[in-house]
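>>> Okay, here's the prediction I keep looking at, along with the sequence it came from:
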Amino acid sequence: MSGAVTNIRSGARREWVINLVLLAGLGLVPLWAWFADAPFTITLATRAAILALAGTGLNIALGMGGLVSFGHAVFFGIGGYAMGILASHAQNYDPLVQWPVVIEGTQFMPVIWIVAILAGAVAALVIGALSLRTSGVYFIMITLAFGQMFYYFAISWPAYGGEDGLAIYVRNGFPGLNTLDPIQYFALCFAVLLVVLFFNARLIRSPFGLALNAARQSTQRVEAVGMDPFRLRLAAFVLSGAITALAGALFADLNRFASPAMFSWQLSGEIMVFVILGGVARLCGPLAGAVVFVMLEHFLGGLSEYWHIFLGLLLLLVVLLAKGGLIGLLSGRGAAHG
Amino acid sequence: MADQHTLLPVLEARSITRTFAALKANEDVSIDLKQGEIHAVIGPNGAGKSTLIQQICGTLAPDSGEVFLAGENITPLKAHQRARRGLARTFQVSALAMEDTVLENAVLGALGAQSGAGVSVMGMFSSALGNRALRDAAMEALLRVGLRDKAQVRTAQLSHGERRQLELAVALTLKPKAFVMDEPMAGLGASGSKAMTEFLDRLRREAPILLVEHDMDAVFALADRISVLVYGRIIATGTVDEIRADAGVREAYLGEDA
Ligand SMILES: Nc1ncnc2c1ncn2[C@@H]1O[C@H](COP(=O)(O)OP(=O)(O)OP(=O)(O)O)[C@@H](O)[C@H]1O
Ligand SMILES: [Mg+2]
């Protein structure tokens, strides 16, 4: 028994080392690229950081809550359009709301982020309240259906670009930074990722995290101690949606473009795939997965448009070898949840 | 001289009826639990004992009938609300967070016993295991059931008997008004059952216990009253001696060896 306990501990330590190496790597590669004058590498790293953030959001629902949401692109898209709508109104000097009070658009990132987070949270509250009454395949299907609804809504909304999406001319601003400078925008996204990961690490250890984690393993258990599993899951879903929406806002700002594709089920699937690849319920699983995903997309995407096949093969291999994804494989903690 | 208050049953089920398709799993079942007592429910496999417990605890809705806890009609309440009102249940098939440690399971119980537990802002930022009060309550319960040394072990690594003990420890952390236990002796082995019997014997002073159990030695040693459930109906309720002497019970359930 004590041997097993020591194994858990040493595995946990190794996972922390891996997490630190991953984070240091993601922080240092763009720095190197900056010295080497390779801005595109910085953009790739920014993309990885943002996708890791989106995946971290999903991981709260999927990893901690056991909620297989196949519609997380909804929140990513909402974040993207929150940015696109606010920024396009601002750049056209066209108020967002005329009556009863005039509300202007904005190109100020902190405000855009707050709006994205709130919009994502509200959407997650509504979608969660409706879909969390079901479970299993029905839950997957309902979240997928919501995703499709938002997707078709976005492409049929001419005021905001319809199928063409919504482009903005300049990246939005952040006090004290030149966000158009790739390395500075990367630093900003990386900082947001670090803050959210810190928050997530606390959440995992918190009473809420303990209860949510238990609800995933046994609904009856949390009920028997007097907690409402529905409320726990709904809260997790809202947090999850809010974080993924923030990632969507950053992603749209990176591309200076909010497209309906941000709502697509393919994207929901991709986020889920790289989270599973990296390690479900692992703090840095989404980060590991996002880094591998972006690298595959970049190196193999150039060779063949069917690069997803390789992603699929890799996923299959990792899932067959270790339940804890890449992080589980590297830390030697194979169990799905640690 | 018992006053009116102590005469009022802590827990009471009135005319519970529940059918599954053509099967009458419970038919007009009434049972109550008074302060300080152990009321055992016995009956053959498939008699409807667990079905009754599920309806008392709120995980299954009765077709008709009502459940009262400390005088309050809790029939409309969900399982977690009933638990919050002071109903602690242990399961026939262990329902624990298997991937978590023994301590984490017990802390979950201590957390549930706190008011406003679950979703709160503080609940998202503080540390569960770092909370002294939660940890102490959890460790105390583990100590009482004899699982203190296993606190850091993953629950999945426990034996079946130890899982029963952990279920009991979690129930203890709730400091409930009444315990409802579905076969707590199952899988314990001879010495384990004996220890559990001694434990429950003392526990009834903290809160009364509705005890579903197949282990007749334990039932006869512990029960203040026994109700016999056969084919979904209670055919007799009485003291140990009364039940032992009941011809109908002997025929339907106890057989010659009683
Ligand atoms: N959800 C259900 N759907 C259909 N039938 C059920 C359901 N739950 C229980 N039953 C049936 O109701 C009857 C009573 O089951 P129950 O589990 O209450 O018996 P029990 O007295 O607890 O038996 P045991 O001693 O084996 O635990 C059984 O015939 C069982 O098959
Ligand atoms: Mg049973």
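On my side now, so go ahead. Ligands and ions are numbered 1, 2, ... in the order given.
>>> Quick one: residues in contact with stretch A:54-63.
A:67-69, A:72, A:75-76, A:193, A:196-197, A:200, A:203, A:236-237, A:239-248, A:251, A:271-272, A:274-275, A:278, A:280-282, A:285-287, A:289-290, A:337 (C-beta atoms under 8 Å, 6 or more residues apart in numbering or on different chains). Just so you know, the C-beta spots here come from the backbone N, C-alpha and C atoms, and that holds for glycine as well.
>>> so how far is chain B from the residue in the stretch 101-250 of chain A that ligand 2 sits nearest to?
The minimum distance from the stretch 101-250 of chain A to ligand 2, using C-beta to the ion, falls at A:Gln220 (14.2 Å). Going from A:Gln220 to chain B by C-beta to the nearest C-beta, to the nearest Å gives 4 Å.
>>> The closest residue to that residue other than its chain neighbours is in what secondary structure piece?
What sits nearest to A:Gln220 in space, not counting adjacent residues and going by C-beta to C-beta, 6 or more residues apart in numbering or on different chains, is B:Ala95, at 4.2 Å. Using DSSP states H and E, B:Ala95 sits within no helix or strand.
>>> hey, where'd the strands end up in the chain?
Since no chain was named, I'll use chain A. A:166-167, A:257-258 (DSSP state E).
>>> That was the other one, I meant chain B.
B:11-20, B:23-33, B:38-42, B:64-69, B:72-73, B:87-90, B:178-182, B:209-212, B:225-230, B:233-238.
>>> Which of those sits closest to chain A?
Comparison of these against chain A by C-beta to the nearest C-beta identifies strand B:87-90 as nearest, at 5.2 Å.
>>> what's that closest one packed up against?
Judged by 3 or more C-beta pairs under 8 Å, 6 or more residues apart in numbering or on different chains; DSSP states H and E, the packing partners of strand B:87-90 are helix B:49-57, helix B:160-173, strand B:178-182.
>>> show me the contacts for the closest residue to B:Ala151 other than its chain neighbours.
In space, and not counting its chain neighbours, B:Ala151 is closest to B:Leu103: 4.2 Å by C-beta to C-beta, 6+ apart. By C-beta under 8 Å, 6+ apart, the residues touching B:Leu103 are B:Leu129, B:Arg135, B:Ala138, B:Met139, B:Leu142, B:Ala151, B:Gln152.
>>> Touching, the first one and A:Arg205? I think so.
It stands for B:Leu129. Yes: counting by C-beta atoms under 8 Å, B:Leu129 does reach A:Arg205; the two are 7.0 Å apart.
>>> what residues does the stretch 1-150 of chain B put near ligand 2?
Within the stretch 1-150 of chain B, the residues that sit near ligand 2 (C-beta under 5 Å from the ion) are B:Lys49, B:Ser50, B:Gln92.
>>> Ranking by neighbours, what's the top pick from these?
Most neighbours among these, by other C-beta atoms under 10 Å in any protein chain shown: B:Lys49, with 24 neighbours.
>>> Now do the residue in chain A that ligand 1 sits nearest to: how many residues are near it, please.
Scanning chain A for proximity to ligand 1 using C-beta to the nearest ligand atom identifies A:Gln220 as nearest, at 13.6 Å. Per other C-beta under 10 Å, the neighbour tally for A:Gln220 reads 19.
>>> Alright, I will stop here.
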